[in-house]
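Asks: What follows is a predicted structure for the sequence shown.
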Amino acid sequence: MLDLSTTYLGLHLAHPIVPSASPLTSRIDRIKRLEDAGAPAVVLISLFEEQIEQESVILDHYLNYGTEAYAEALSYFPDLGTYNQGPEEYLKLIQRAKAETNIPIIASLNGVSSGGWTEYARQIEQAGADALELNIYYVAADVHVSSAEVEQRYLDALAQVRQAVSIPIAVKIGPFFSAMANMAKRLVEGGANGLVLFNRFYQPDLDIEALEVVPRVVLSTSDELRLPLRWIAILYGRVKASLALSSGVHTHEDVIKGIMAGASVTMVASELLIHGPGRIRQLVRDVREWMEQHEYSSIAQMRGCLSQRSVANPDAFERANYMKVLQSWRDEPAALAPKS
């Protein structure tokens, strides 16, 4: 009998296809639908550092300056309440999810600074979360801030949260480090039980008529799989942490590639937003059928078989493959062919 089970952050899961933080994990009814569709765990929608700071600043303003300026003070902040229901409601969501479902609940904190927001990490643990995903989203736009300072911000944020809670922590990061492997190693040494690769940095667009910077959400495609796939394959067996592949998981082939690279779980959001929670069942069926056809008995048997340390040509994950990629397109594209 096929064994699709896996272990992530010390949590035993029925299979490796986990819904990541998205609007689908923002309400208890949606979380239940994901569980009914076969989700082995869920990562809740993120609680943002800015939401916590907004609540604190508004409270301070209310207490110190009186109610006559309250409405005006509110206007200075983005409407973060529309993203989810705020810090207190977030804790209630964890409590309800734990009470009304039978799957592990992984909370998500999104921020970068150390300090007061780590108190919410403690409250998240007290609310019953099985693990915490620390989603560090930071754009190093200050020309005076060095790469070493940026890295230290990540490590400091992790250290403070690690000190605040005893539940497992996964750190979700972007790929933009000059020494990615070393940074991964330092995060694990700093207390991360898992690494989620990678955070998608949403790029703003420009409205050239209104002369405004506007947000534009673009869902992922399977083409985005290759970057996290490469780094998971490099890190597997070299860092003592669970590895989660995030970004670009849409098909059962994507799931299998992630496991073969070394991932403990593959996280899905865009595919579920497009097709609904029921897509989980189909992905699991397709993975099972593929394993049967290729005579794999378990996820554990597949894991890491195409990692850097396992393949015949490990240099293919590094620069040695660079020229091959460039030379792989041998035929001149039709658009560049000389016109007759």
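Replies: Perfect, I can see it now.

Asks: contacts and neighbour counts: CA atoms only from here.
Replies: Fine.

Asks: could you pull out the helices for this protein?
Replies: Ranges of helices in the chain, per DSSP state H, are 28-36, 49-65, 70-74, 87-100, 118-126, 147-164, 180-189, 226-235, 252-261, 270-275, 279-293, 299-302, 322-327.

Asks: hey, C-alpha coordinates of the first one in CSV?
Replies: It refers to helix 28-36. In CSV, the C-alpha atoms belonging to helix 28-36 read as follows (Å, rounded to 0.1, in the frame of the first residue of the first chain):
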residue,chain,number,x,y,z
ILE,A,28,-13.2,29.1,9.7
ASP,A,29,-15.8,28.0,7.0
ARG,A,30,-13.1,28.1,4.4
ILE,A,31,-10.6,26.2,6.6
LYS,A,32,-13.3,23.5,7.1
ARG,A,33,-13.8,23.2,3.3
LEU,A,34,-10.0,22.7,2.9
GLU,A,35,-10.1,20.0,5.6
ASP,A,36,-13.1,18.3,3.9
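
Asks: okay, the angle between it and helix 279-293?
Replies: With axes from the mean of the first three to the mean of the last three CA atoms, to 10 degrees defining the directions, helix 28-36 sits at 20 degrees from helix 279-293.

Asks: Quick one: residues in contact with helix 28-36.
Replies: If you take CA atoms under 8 Å, 6 or more residues apart in numbering as the criterion, helix 28-36 is touched by 19, 24-25, 41-42, 93, 96-97, 100-101, 103, 277-278.

Asks: again, only using 7 Å
Replies: Applying CA atoms under 7 Å, 6 or more residues apart in numbering, the contact partners of helix 28-36 are 24-25, 93, 96-97, 101, 277.

Asks: Please produce a markdown table containing the residues you listed, extended by pLDDT, distance to residue 182 and neighbour count.
Replies: Putting the contacts of helix 28-36 into a markdown table (pLDDT from 0 to 100; distance: CA to CA, whole Å; neighbours: other CA atoms under 10 Å) gives the following:
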| residue | pLDDT | distance to residue 182 | neighbour count |
| --- | --- | --- | --- |
| 24 | 96 | 34 | 24 |
| 25 | 97 | 32 | 23 |
| 93 | 97 | 36 | 21 |
| 96 | 98 | 39 | 15 |
| 97 | 98 | 36 | 24 |
| 101 | 98 | 38 | 15 |
| 277 | 97 | 37 | 24 |
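
Asks: Mind checking the helices of the chain for the one nearest to residue 216?
Replies: helix 270-275 (14.5 Å; CA to CA).

Asks: What residues of that closest one count as buried?
Replies: Of all the residues in helix 270-275, those buried under the rule 16 or more other CA atoms under 10 Å are 270-272.

Asks: Among these, find me the one that's closest to residue 135.
Replies: Nearest to residue 135 out of the buried residues of helix 270-275 is residue 270 (CA to CA; 17.5 Å).

Asks: Return the helix or strand in this protein with minimum mean pLDDT.
Replies: helix 70-74 (a mean of 37; mean pLDDT, DSSP states H and E).
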